[in-house]
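Engineer: sequence first, then the predicted structure, then my questions.
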Amino acid sequence: MPIVSQRIVIAGIGLIGGSFALALRRAGFDGQITGVGRDEKALRRAVERGICNDYSRSIAEVAGDADLVMHAVPMGAMDDLLAQLAGSVAEHTVITDAGSVKQSFIDAAGRHFTNLQHIVPAHPIAGTEHSGVEAGFDSLFDNRRVIVTPLATSSAAAVTEVAELWRATGASVEQMAPRRHDDVFAAISHLPHVAAFSLVETLHRIDQEEEVLRFAAGGFSDFTRIASSDPVMWRDICLHNRSAVLDVLGQYRACLDELHQAIDNADSASIEQMFSRAKSARDAYLQAASDSIQESK
Ligand code: NAP
């Protein structure tokens, strides 16, 4: 299906919003893209980089004639932007987002809109630990998945439009129920980030003089790369998916307690069993991932 939108507003022209715009341009999109943000210097830079044609610091000022508005801001900024949008957007405008938590965006939309036909939340499963206007690049979504989590009220045309835009960026599109999405990503994305941040924080507390960290090598970098991610974005994700994150964090803590106990008891069988199960699970996952890449070639 061809893309219908000609005027797109992107709130947040950082890693995700910037990459979305650049990937659409790469695909030949020649409509108008307007960037929205708070920092005028970054917005000017977004125009220089070809991310957007023009910009505004007020979403209400530019949303009136938009065909589609994409929210690519931290989760904590979504509610306020949706509130501003509610008074300014046309009836037909498709409203979507790229946020990492879906139910919270839907709840915010429900607070500010009575007609939810044009609301289509989505989450690209792609990213890096970099953020801001310089971070975006046009191939970020190539061969990545985007999860669309339509509402029961979302119109088929709006869902198709959002899916087609993401396909144009190079991604494949899947659908999922919003709460299921939030549970799955609490486990496979939010927990690893919390674990990486807290591991580095632990080492920092042990090692104020950085004597220990001086010896850190490849394994430490591999495991902790995601602790270089944006703290505000991850603070917001934890708070906006609080109950699912607390649930998996509780399970992780129980697993750590079990390991602590086994080490304390010098229980070599339990330690080895746990490590062996984890190794098998990871090896099987990597094998399945590599098989699925081969199949898709
Ligand atoms: P980012 O690089 O930090 O970009 C966020 C942008 O939002 C910035 O350009 C910032 O510009 C703007 N912004 C922040 N608060 C704002 C506000 N109140 N009003 C208007 N603009 C505001 O972050 P990102 O990585 O692109 O993440 C954006 C969204 O995508 C988040 O919801 C995140 O959960 C989701 N996501 C991220 C990843 C990832 O790996 N990074 C992956 C998938 C989904 P100003 O400072 O100029 O306002």
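Structural biologist: Perfect, I can see it now.
Engineer: for the rest of this, base every contact and every neighbour count on C-alpha atoms.
Structural biologist: Fine.
Engineer: near the ligand, which residues of the stretch 51-200 of the chain?
Structural biologist: Counting by C-alpha under 6 Å from any ligand atom, the stretch 51-200 of the chain comes close to the ligand at 72-75, 77, 98-100, 123-128, 131-133.
Engineer: now with 5 Å, please.
Structural biologist: The stretch 51-200 of the chain comes close to the ligand at residues 72-75, 77, 98-100, 127-128, 131-132, as judged by C-alpha under 5 Å from any ligand atom.
Engineer: which ChimeraX command selects the buried ones in these?
Structural biologist: Applying 16 or more other C-alpha atoms under 10 Å to these leaves a buried subset, and the ChimeraX line that selects it is:
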select :72,73,74,75,98,99,100,127,131,132
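Engineer: now the residues of the stretch 51-200 of the chain next to the ligand as JSON lines including pLDDT, distance to Val184 and secondary structure?
Structural biologist: Shown next, in JSON lines, are those (pLDDT from 0 to 100; distance: C-alpha to C-alpha, whole Å; DSSP: H, G, I helix; E, B strand; the rest coil):
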{"residue": "Ala72", "pLDDT": "98", "distance to Val184": "21", "secondary structure": "coil"}
{"residue": "Val73", "pLDDT": "98", "distance to Val184": "21", "secondary structure": "coil"}
{"residue": "Pro74", "pLDDT": "96", "distance to Val184": "19", "secondary structure": "coil"}
{"residue": "Met75", "pLDDT": "97", "distance to Val184": "17", "secondary structure": "helix"}
{"residue": "Ala77", "pLDDT": "98", "distance to Val184": "23", "secondary structure": "helix"}
{"residue": "Ala98", "pLDDT": "98", "distance to Val184": "16", "secondary structure": "coil"}
{"residue": "Gly99", "pLDDT": "98", "distance to Val184": "15", "secondary structure": "coil"}
{"residue": "Ser100", "pLDDT": "98", "distance to Val184": "11", "secondary structure": "coil"}
{"residue": "Gly127", "pLDDT": "91", "distance to Val184": "17", "secondary structure": "coil"}
{"residue": "Thr128", "pLDDT": "90", "distance to Val184": "19", "secondary structure": "coil"}
{"residue": "Ser131", "pLDDT": "94", "distance to Val184": "24", "secondary structure": "coil"}
{"residue": "Gly132", "pLDDT": "96", "distance to Val184": "27", "secondary structure": "coil"}
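Engineer: closest to Arg145 among the residues of the stretch 51-200 of the chain next to the ligand?
Structural biologist: Gly127 (11.2 Å; C-alpha to C-alpha).
Engineer: in the sheet, who's paired with the nearest residue to Arg44 once chain neighbours are set aside?
Structural biologist: Excluding the flanking residues, the one nearest Arg44 by C-alpha to C-alpha, 6 or more residues apart in numbering is Tyr55, at 7.7 Å. Here Tyr55 sits in beta bridges with Gly35, going by DSSP bridges.
Engineer: which helix or strand contains Ile10?
Structural biologist: If you go by DSSP states H and E, Ile10 is part of strand 7-11.
Engineer: report the rounded mean pLDDT for that strand.
Structural biologist: Rounded to a whole number, the mean pLDDT of strand 7-11 is 98.
Engineer: convert that strand to CSV, retaining C-alpha atoms only.
Structural biologist: Provided in CSV are the C-alpha atoms of strand 7-11 (Å, rounded to 0.1, in the frame of the first residue of the first chain):
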residue,chain,number,x,y,z
ARG,A,7,2.6,16.2,6.2
ILE,A,8,4.3,14.5,9.1
VAL,A,9,5.1,16.1,12.4
ILE,A,10,7.8,14.3,14.5
ALA,A,11,7.9,15.3,18.2
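Engineer: which strands or helices does it pack on?
Structural biologist: When contacts are defined as 3 or more C-alpha pairs under 8 Å, 6 or more residues apart in numbering; DSSP states H and E, strand 7-11 packs onto strand 32-36, strand 68-71.
Engineer: please name the strands paired to the last one in the sheet, noting orientation.
Structural biologist: Meaning strand 68-71. strand 7-11 (parallel), strand 94-97 (parallel).
Engineer: looking at it, Thr93 is touching Gln117, isn't it?
Structural biologist: No: the pair Thr93 / Gln117 is not scored as a contact, 9.8 Å apart, by C-alpha atoms under 8 Å.
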